[in-house]
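Peer 1: can't give you the sequence, but here's the structure:
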């Protein structure tokens, strides 16, 4: 057993510092060595080494990416490595330190430099041997530089869609299957409106051979700095998982900079400069707004259980429910939409101007359209200030807490009040009045359009555009588009499930089994339940689904159905007054489901029956 001491230090003093310390402690305990570790970072020194610890140690390990004072280790053999090497090749680093400790009995002033793998005398004593430990053969690498055994290792991934219900988890499952088929283990973190599940640990990210981010919303990438990183959409991760895995593994290894702190800072700068597109920013804002819309809409619906106008009586429970849902959750909808659009564009610096601009949009009656404008203004203004304004080094700390919030909020606020507010308010008022007064042919046409959009790509960009439009109108107390959108989104999987029952000879046994799952997903308003069928036969399935959803949307709008909650499927229908009128709304869904199933019966031919082999001749 050897007594050893170590120092771990990285520029932030958080991730690599702690990971290297834990790795060294764990492996040292496994090998039976007594190791004391001091961690250094931005918060100062943790668990400092005492003079007695250093005096008793046979060798010192410096796992550091920043300058560390070595004066107190004079006369001790020192093994110098980066924190990354200490994490990845921990056993080799410890073996090198133990070898140096054994050699120091003959050369107390020797030290081992792991970067070069050579031993040398710290003191200028020319005749003194450096170490008595057996020297490696000529040309051999030092123990800590030995190549890691070739292996198929670990991948990590993040999947995220705006709702975090269907695409998020289906893409995670697809990536898991594809990675394991390629011989790799994989850890997948799923992000959505309910937050992150199976969150990746710093150790998993550090050990990963590559990172895959399949997302249609904003995903923070800073923690993946220095790793091979493939960014793609959640749809591609779902439909082409094997190709995504192959592309991620074929990416070139990032260059290992001598200074890890510089490498990480450079990677962060590159990731922050990368733009992801306006549509993705919009979906990020919608995904954060959805919980408020759902909670607020359902709480308002609960207040109607006591009567449509019961909330007007002060001090009653219906009044309290209306205050929570209408004046609480619904008031925050537009600010949160704007705030997280800005956050997606500029990260944290965009949050303040986005939230303030969104609140001003609500106060100016600019509605969700004003919130969208405020979000993009806040994000791009904050990012421009962040990337353009330069301060002296000793004042840089003021940028995120003073300069960016002050200037960006001032610019966005003035633009909203004097430039954006009144025109967008007029547009929003006109749109709301038009939708409320719409009837007959216009309502049917809009409902058919929204329904077709919900089915044409089953959770893709067109689907999300129709959904976002309908959700935004809830803040203006316009409920009919939302009813048409949800009903139409339920129809494709429900229609396919019905078709697998009434036209069994047109589907394989596997498809008939998948129809059962599609029925459950459709009832829960998860349009993506139809994707497996559409992927196998898009020419017939997609037109049938579009036709059925268009019929449902047209009927729902034409009959004046309104929905106060943006999600939940049939489970929302159990709440009194969440949907009105309920009977004809259900009729709209049933009609679209039947139309989809009948269209599939017409478009799909019966499967060819297997030909029986001819009877054997006697």
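Peer 2: Right, received. Where do you want to start? Just so we're clear, the structure is a prediction, and the values are computed from it rather than from any experiment. Residues are numbered from 1 along each chain as shown.

Peer 1: After the helix or strand of the chain with the lowest mean pLDDT, which helix or strand is next? Please name it.
Peer 2: The helix or strand of the chain with the lowest confidence, counting by mean pLDDT, DSSP states H and E, is strand 118-121 at a mean of 36. The helix or strand immediately downstream of strand 118-121 is strand 154-160, counting by DSSP states H and E.

Peer 1: tell me how far that next one is from the chain's mean position?
Peer 2: Here the centre of strand 154-160 is set off from its chain's centre by 9 Å, with C-alpha atoms, centre = their mean, to the nearest Å.

Peer 1: now that strand: mean pLDDT?
Peer 2: Taken as a whole, strand 154-160 carries a mean pLDDT of 92.

Peer 1: And the contacts of that strand?
Peer 2: Residues outside strand 154-160 that contact it (C-beta atoms under 8 Å, 6 or more residues apart in numbering): 167-169, 171-172, 175, 179, 184-192, 200, 204-205, 207-217, 219, 234, 237, 245, 248-249. All C-beta spots, glycine's among them, are computed from the backbone N, C-alpha and C.

Peer 1: what comes up buried for it?
Peer 2: Using 16 or more other C-beta atoms under 10 Å as the test for burial, strand 154-160 gives 154-160.

Peer 1: for stretch 388-403, same thing?
Peer 2: For stretch 388-403, the neighbour count (16+ other C-beta under 10 Å) marks 399, 403 as buried.

Peer 1: Show residues contacting that stretch.
Peer 2: With C-beta under 8 Å, 6+ apart as the test, stretch 388-403 has contacts from 348-349, 385-386, 404, 407.

Peer 1: quick one: that stretch to chain centroid distance?
Peer 2: 29 Å.

Peer 1: so for the longest helix seen in the chain, what's the average pLDDT?
Peer 2: Ranked by number of residues, the top helix in the chain under DSSP state H is helix 278-303. Averaged over helix 278-303, pLDDT sits at 82.

Peer 1: which strands and helices sit next to that helix?
Peer 2: When contacts are defined as 3 or more C-beta pairs under 8 Å, 6 or more residues apart in numbering; DSSP states H and E, helix 278-303 sits against helix 317-322, helix 330-346, helix 367-388, helix 461-474.

Peer 1: contacts for the first one?
Peer 2: Which is helix 317-322. Applying C-beta under 8 Å, 6+ apart, the external contacts of helix 317-322 come out as 299-300, 302-307, 310-313.

Peer 1: Could I get the residues you listed in JSON lines, plus columns for neighbour count?
Peer 2: Converted to JSON lines, the contacts of helix 317-322 look like this (neighbours: other C-beta atoms under 10 Å):
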{"residue": "299", "neighbour count": "21"}
{"residue": "300", "neighbour count": "24"}
{"residue": "302", "neighbour count": "19"}
{"residue": "303", "neighbour count": "23"}
{"residue": "304", "neighbour count": "20"}
{"residue": "305", "neighbour count": "15"}
{"residue": "306", "neighbour count": "17"}
{"residue": "307", "neighbour count": "12"}
{"residue": "310", "neighbour count": "16"}
{"residue": "311", "neighbour count": "21"}
{"residue": "312", "neighbour count": "11"}
{"residue": "313", "neighbour count": "12"}
